[in-house]
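K.L.:
Sequence below, structure please.
(chains A and B)
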Amino acid sequence: MDNTIEIKARNVFFYYGKTQALKDITLDIGKHKVTAIIGPSGCGKSTFIRLLNRMHELVPNTRVTGKILYSGWDILDTNIDAVEVRRRIGMVFQKPNPFPKSIFDNISYGLKVNGEKDRSLIQAKVEQALRKAALWPEVKDRLTDSALGLSGGQQQRLCIARSLAVESKVILFDEPCASLDPISTAKIEELILELKKDYTIIIVTHNMQQAARVSDYTAFFLLGELIEYARTQDIFTAPKDSRTEAYITGRFG
Amino acid sequence: MERHFDQELADLKNLILKMGAAVEAAISKSVEALKGLNAAQALEVIKEDRIIDGLENDLDERCLDLLALQQPMAVDLRFITASMKIATDLERMADLAVDIAQRALELAGKPLLKPLIDIPKLAGLAQQMTKESLDAFVNKDVVLAEQVILSDPQADLLRNSVQRELIDDYLNKDITAASRAVPLLLVARHLERICDHATNIAEDVIYMVKADVVKHHPEKLQP
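P.N.:
Okay, the predicted model is just below:
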C-alpha cells in the first residue's frame, strides 16, 4: 500500500435493514493527516466512521459490502478480531465516556486488558498518554481521583489519552466538541493539530468551521454518497460540486 | 494559549517581509539604473519583476485560505486583510520600479538633459518611505506609520518642482528636448506614485494596529 495512505475504503455500501445509508463510498485516508467528514444530518458520515472500527456490528439487522483496507487487513472481514481493530483504530465520541474509575485506571485499563502486567511500565505509559493528550499538568496530582470529577473538556482529553495508551495509530473523532464550551473546544482542536504528527485522524463534525480549522482533507457526504473529497482549502475556497458549495455557504435546500 | 494559527500568521508576516525586501531592492536598482543610465541593470529589474508577481499570488492565496479556514477575528482579521492590501501595494510599487527601469532604457545612450538634482531627492524619499512603511508593519509602529503619511506631501512638492523645471526650462524652450525630458517627467511621476503606495501601506498599518481608519481622513493626522 502507498505509504502516504493509511486507510482505503473501496465501494462500501451499508444498509440499516432496507434503508441504504452508504452508497459506493471509495476514498483514501492520508497517513498522519486530519481528514474531516462533513455533511447534513443523516448523510452517513457517522455511519462511515463507525464502520472503521466495526461499531456497526453492535447494531442489529445491518449489512455491509465493499472493503476497508488498513495495514494489510480488510477491517470489514469478520475473520479479523473487532477488538484488535478497535485497539488500532480508537474512537472518541461526542459525549465524553470515561469509565467510573480513577483517572489512572481509565488509562491503565486498556493496557491491562491487553495483558500488560509490569506496573512501572503501566505507570510510564499512563503518564506518557496523559502528556500527549495535554492533560498531565492538570491531573498529575490527582491521578487516583474519579475521572467523573473532571470537566467535560478534560474528560474528552482523558478519552483521547485512553486511545493513545493502547497505541492506536488512527483516532476517530465523532463530534468531539459538540458538548464542550469554546475554550475546551479550542484545546481539543490544538491537540488534534499536535497529534497528527504521529497519528492519523478522522473527524466527523457538523461544525464546518471546525472542519476548516483542523483538517487537511475534507469529504462532503450527502444522502449516503461521497459528493466531493479534496484538500480542505480547496473545498472551502473553490468547491467543484454545486451541492458542496450550497452546503458550505449555508444555501442548502 | 499558543495556537497553531499563530505560526501561520508568523509565516504570513515573513512572506510580506520577503516581498517587501524584493520590492525595496527593485526600486533601488531601478534608481541606480537611471542615475547611471545602465541598461543591463534596468533589464534586470524588468526580468526580476516576475518573482514579485509570484510572491503576490502566493500571498493572496495564503490570505484567502486563512480567511476561509480560520475564521479570524479582531486583530487577526485586521492583520490578514491588511496583508492582502499591502501585497497589492507592493506589487504596484514593483511595477513602478519596472516603469522607471524602462525610462532608464529610453534614456540610455543619450547624454543626460541636465544633472539630476530633485529626482535623486525624490528617489531617496520614495526609498525611505517604502522602508519605513514596512518597518512600521513589522514593528506595529503607529508613530512611524504616521510619519510616513506625513512625508507624502513632500513627494508631491518634489514632483511638482521637477515638472516645473523640465517644462519651463527645457520643453517650452526647445521641443526637440522632449525625447530626453519626457522620460524624466515620467520618472518623477513614478517615484511620487511609489510614495503614494507607501502611504497606503502606512494607513493599513494604523488600521491593523489601532482599528482606526485614517485613509481619507487627513484631519486625524495633524503634523
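K.L.:
In which helix or strand does A:Thr244 reside?
P.N.:
helix A:242-248 (DSSP states H and E).
K.L.:
which regions of chain B sit below the pLDDT cut-off?
P.N.:
Low-confidence segments of chain B (pLDDT under 70): B:222-223.
K.L.:
switch the cut-off to 90
P.N.:
B:1-3, B:109-111, B:216-223 (pLDDT under 90).
K.L.:
what do you get for chain A?
P.N.:
Residue ranges of chain A with pLDDT under 90: A:1-3, A:56-58, A:72, A:113-116, A:167, A:178-180, A:206, A:250-253.
K.L.:
Pull up the residues of it that are close to chain B.
P.N.:
For chain A, the residues in contact with chain B (CB under 8 Å from any CB of the partner chain) are A:Ala186, A:Lys187, A:Glu190, A:Leu193, A:Glu194, A:Gln209, A:Ala212, A:Arg213, A:Thr232, A:Gln233, A:Phe236, A:Thr237. All C-beta spots, glycine's among them, are computed from the backbone N, C-alpha and C.
K.L.:
What sits closest to the first one if chain neighbours are left out?
P.N.:
Closest residue to A:Ala186 apart from its sequence neighbours, by CB to CB, 6 or more residues apart in numbering or on different chains: B:Met1 at 6.9 Å.
K.L.:
Surely that neighbour touches A:Ile188?
P.N.:
No. The criterion here is CB atoms under 8 Å, and B:Met1 misses it with A:Ile188 at 12.0 Å.
K.L.:
Neighbour count: those two, which is higher?
P.N.:
Neighbours were counted for B:Met1 and for A:Ile188 using other CB atoms under 10 Å in any protein chain shown; A:Ile188 has more, 23 against 7.
K.L.:
quick one: contacts for the more buried one?
P.N.:
A:Gly153, A:Gln156, A:Arg157, A:Ile160, A:Pro176, A:Cys177, A:Leu180 (CB atoms under 8 Å, 6 or more residues apart in numbering or on different chains).
K.L.:
that older thread, and the residue nearest to A:Ala186, how close does it get to A:Tyr217?
P.N.:
26 Å (CB to CB, to the nearest Å).
K.L.:
isn't A:Ile38 right next to A:Gly44, touching?
P.N.:
No. Assessed by CB under 8 Å, A:Ile38 is found out of contact with A:Gly44, at 11.5 Å.
K.L.:
now the most centrally placed residue in chain A, what's its secondary structure?
P.N.:
With distances taken as CA atoms, centre = their mean, chain A has A:Leu172 as the residue nearest its mean C-alpha position (1.0 Å). Classification of A:Leu172 using DSSP: H, G, I helix; E, B strand; the rest coil returns strand.
K.L.:
Would you confirm that it contacts A:Asn53?
P.N.:
Yes. Counting by CB under 8 Å, A:Leu172 touches A:Asn53, with 6.3 Å between them.
K.L.:
which residues do those two both contact?
P.N.:
In contact with both A:Leu172 and A:Asn53: A:Ile89, A:Gly90, A:Met91, using CB under 8 Å, 6+ apart.
K.L.:
how about JSON lines for those, with secondary structure, distance to B:Leu69 and neighbour count added?
P.N.:
Output for the shared contacts of A:Leu172 and A:Asn53, formatted as JSON lines (DSSP: H, G, I helix; E, B strand; the rest coil; distance: CB to CB, whole Å; neighbours: other CB atoms under 10 Å in any protein chain shown):
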{"residue": "A:Ile89", "secondary structure": "strand", "distance to B:Leu69": "26", "neighbour count": "25"}
{"residue": "A:Gly90", "secondary structure": "strand", "distance to B:Leu69": "26", "neighbour count": "23"}
{"residue": "A:Met91", "secondary structure": "strand", "distance to B:Leu69": "25", "neighbour count": "21"}
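K.L.:
May I have the secondary structure class of A:Thr35?
P.N.:
On the three-state scheme (three-state DSSP), A:Thr35 is labelled strand.
K.L.:
Tell me who's in contact with it.
P.N.:
A:Ile29, A:Thr200, A:Ile201, A:Ile202, A:Ile203, A:Ser215, A:Asp216, A:Tyr217, A:Thr218, A:Ala219.
K.L.:
Just send the residues you listed back as TSV, with distance to A:Thr244 and neighbour count too.
P.N.:
As requested, the contacts of A:Thr35 are arranged in TSV below (distance: CB to CB, whole Å; neighbours: other CB atoms under 10 Å in any protein chain shown):
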residue	distance to A:Thr244	neighbour count
A:Ile29	19	23
A:Thr200	23	23
A:Ile201	21	24
A:Ile202	19	26
A:Ile203	18	28
A:Ser215	14	28
A:Asp216	17	15
A:Tyr217	13	21
A:Thr218	9	27
A:Ala219	10	25
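K.L.:
Nearest to chain B among the residues you listed?
P.N.:
Nearest to chain B out of the contacts of A:Thr35 is A:Ser215 (CB to the nearest CB; 8.8 Å).
K.L.:
Pipe the contacts of A:Ile188 into JSON lines and attach secondary structure per row.
P.N.:
Shown next, in JSON lines, are those (three-state DSSP):
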{"residue": "A:Gly153", "secondary structure": "helix"}
{"residue": "A:Gln156", "secondary structure": "helix"}
{"residue": "A:Arg157", "secondary structure": "helix"}
{"residue": "A:Ile160", "secondary structure": "helix"}
{"residue": "A:Pro176", "secondary structure": "coil"}
{"residue": "A:Cys177", "secondary structure": "coil"}
{"residue": "A:Leu180", "secondary structure": "coil"}
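K.L.:
Let's see if you can find the most crowded of those residues.
P.N.:
Going by other CB under 10 Å, A:Gln156 tops these with 30 neighbours.
K.L.:
The residue nearest to it when sequence neighbours are not counted: what's it in contact with?
P.N.:
Take A:Gln156 and drop its neighbours on the chain: the residue closest to it by CB to CB, 6+ apart is A:Pro96, 4.5 Å away. A:Pro96 is in contact with A:Gly152, A:Gln155, A:Gln156, A:Leu158, A:Cys159, A:Ser179, counting by CB under 8 Å, 6+ apart.
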